[in-house]
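Participant: Have a look at this fold, sequence not included:
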């Protein structure tokens, strides 16, 4: 990770951590890097979510791009996966998504995508940061070389058509609930489900610039649970602010996490001979219950660091077809380069209709193990993590748990915190072993 950009872009509070000046400079660099320095006019596509500040950042990015001679194609309010898709299929030099995903409205972020719709490479990101810090000089374009903006809502419409065309089944008479989180899926998701014949019921679809993710969407799924029960719906889907993740609710009102989704669709792929390498890619935060369920049906798995970036990298390197995170970032590498919440919901609908089973039955084999997670604020993450006595305590816990649980101790990527997590057959066992390791960290004087 660089000085400004993390695993999911440059994110921070609008006009405090992430400012409009930053956005102008990012646009200036990208316009020059992909265009002027090569003697051509770059073409860059931009999407945004519904945050108040997204409009400011959109105009700032466009200003920077045009000043460097690039044409900026504006998709307006749309999802992160739609920008990734259009960047790739319409041969743009790069794509930009303005969103802070599931964060509150006062935060925002700038995500950069390469011409293949993938997260931009680290080398280019570091060059962007050099320009932000005034370590590079870039000429401005003049005369006919100055860029322009192009209304590109057609790109969003083409993405909608792409998703509709992927469905193998009619959703006729299926009662579906959607929580669009007052975010990017607001103008997209319902139309897709309606076009496929579903009886679609939507909540949190009145964005005002300040209510994105506010007590709604995949981070507050309890409201969709209640909605599904009250309306007696067959299934519900909740998205986050930029709709790159999806969680589901079964007909009984129970939550299906990304782990359930990986199991349901991974098994469906295996049964049809479509699960290449017989492997699902997970992160280290997936629940132990998922691995137990996958073992029972003979499906292999790999574990990456937390972050859909690492999941996608593993899938590309090894040729795997499905992977994701417990939070609902699910990647279907045959179709997309990033997590796509709406695509995920369509894929779950496909399994439900193909197998003619309710979602609760499809998810039943994944029995979650109790989990206790404690964040321990420390003076130095590496010192605490690598302390021999702390490592010995972790080893003792792992040996005691055996095949009936696991322990994970990792450094936070954003805070001076060590995360200690234990999964076991009871909350009491989890708490005991978490306390054992935390006590050892405290005993050795690592607490901040």
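Facilitator: Structure's in. What do you need? As the structure is a prediction and not an experimental result, all values here were calculated from the model.
Participant: CA only for contacts and neighbour counts going forward, please
Facilitator: Fine.
Participant: Residue 299: how many residues sit nearby?
Facilitator: For residue 299, the number of neighbouring residues by other CA atoms under 10 Å comes to 18.
Participant: show me what contacts it?
Facilitator: By CA atoms under 8 Å, 6 or more residues apart in numbering, the contact list for residue 299 reads 267, 270, 278-280.
Participant: do residue 254 as well
Facilitator: Residue 254 neighbours (CA under 8 Å, 6+ apart): 225, 360.
Participant: From residue 76, how far off is residue 38?
Facilitator: 28 Å (CA to CA, to the nearest Å).
Participant: quick one on the thing from earlier: of the contacts of residue 299, closest to residue 126?
Facilitator: residue 280 (31.5 Å; CA to CA).
Participant: If you count surrounding residues, which of residue 38 and residue 76 has more?
Facilitator: residue 76 (21 against 10).
Participant: a strand runs through the more buried one, doesn't it?
Facilitator: Yes: counting by DSSP: H, G, I helix; E, B strand; the rest coil, residue 76 falls inside a strand.
Participant: Tell me how far it lies from residue 241.
Facilitator: 14 Å.
Participant: who's residue 18 bridged to?
Facilitator: Following DSSP bridges, residue 18 is listed with bridge partners residue 14.
Participant: ok, it touching residue 99?
Facilitator: No: Residue 18 lies out of contact with residue 99 (CA atoms under 8 Å); the separation is 11.6 Å.
Participant: Mutual contacts of those two, please.
Facilitator: 108-109.
Participant: Pick out whichever of the two has more residues nearby.
Facilitator: Of the pair residue 18 and residue 99, residue 99 is the one with more neighbours under other CA under 10 Å, namely 31 against 19.
Participant: Give me the phi and psi angles of the closest residue to that one other than its chain neighbours.
Facilitator: Spatial nearest neighbour of residue 99, excluding adjacent residues (CA to CA, 6 or more residues apart in numbering): residue 109 at 4.8 Å. The phi/psi pair for residue 109 (degrees, to the nearest 10) reads phi -150, psi 160.
Participant: Endpoint to endpoint, stretch 352-364 covers what distance?
Facilitator: 13 Å.
Participant: Mind listing residues that contact it?
Facilitator: 169, 234-235, 250-252, 254, 256, 260-261, 263-264.
Participant: let's see it at 10 Å
Facilitator: Identification of contacts with stretch 352-364 by CA atoms under 10 Å, 6 or more residues apart in numbering yields 168-171, 174, 234-236, 248-257, 259-265, 267-268, 293, 346-351.
Participant: Mind checking which of those are buried?
Facilitator: Buried members of these, scored by 16 or more other CA atoms under 10 Å, are 171, 174, 234-236, 248-257, 259-265, 267-268, 293, 346-351.
Participant: Now intersect the residues you listed with the helices, please.
Facilitator: 259-265, 267-268, 293, 346-351 (DSSP state H).
Participant: and these, which two are the farthest apart?
Facilitator: Those two in these that are separated most widely, counting by CA to CA, are 293 and 346, at 22.9 Å.
Participant: Sheet partners, orientation included, of the helix or strand hosting residue 96?
Facilitator: Taking DSSP states H and E as the criterion, residue 96 maps to strand 94-98. Strand 94-98 has the following strand partners under DSSP bridges: strand 43-48 (parallel), strand 107-113 (antiparallel).
Participant: distance between it and the chain's centre?
Facilitator: 15 Å (CA atoms, centre = their mean, to the nearest Å).
Participant: ok, now stretch 284-292?
Facilitator: That offset, for stretch 284-292, works out to 18 Å (CA atoms, centre = their mean).
Participant: swap in stretch 167-175?
Facilitator: Distance, centroid of stretch 167-175 to centroid of chain: 26 Å (CA atoms, centre = their mean).
Participant: who's in contact with the residue lying closest to residue 424 once chain neighbours are set aside?
Facilitator: Counting by CA to CA, 6+ apart, residue 424 lies nearest to residue 405, which is 4.3 Å off, once chain neighbours are set aside. When contacts are counted by CA under 10 Å, 6+ apart, residue 405 touches 287-289, 369-371, 397-399, 422-426, 429-430.
Participant: Now, of these, which are buried?
Facilitator: 287-289, 369-371, 397-398, 422-424, 429-430.
Participant: Same list (those) but as JSON lines, adding secondary structure and distance to residue 410.
Facilitator: As requested, those are exported to JSON lines (DSSP: H, G, I helix; E, B strand; the rest coil; distance: CA to CA, whole Å):
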{"residue": "287", "secondary structure": "coil", "distance to residue 410": "15"}
{"residue": "288", "secondary structure": "helix", "distance to residue 410": "16"}
{"residue": "289", "secondary structure": "helix", "distance to residue 410": "20"}
{"residue": "369", "secondary structure": "coil", "distance to residue 410": "19"}
{"residue": "370", "secondary structure": "coil", "distance to residue 410": "19"}
{"residue": "371", "secondary structure": "strand", "distance to residue 410": "15"}
{"residue": "397", "secondary structure": "helix", "distance to residue 410": "15"}
{"residue": "398", "secondary structure": "helix", "distance to residue 410": "14"}
{"residue": "422", "secondary structure": "strand", "distance to residue 410": "12"}
{"residue": "423", "secondary structure": "strand", "distance to residue 410": "14"}
{"residue": "424", "secondary structure": "coil", "distance to residue 410": "18"}
{"residue": "429", "secondary structure": "helix", "distance to residue 410": "20"}
{"residue": "430", "secondary structure": "helix", "distance to residue 410": "16"}
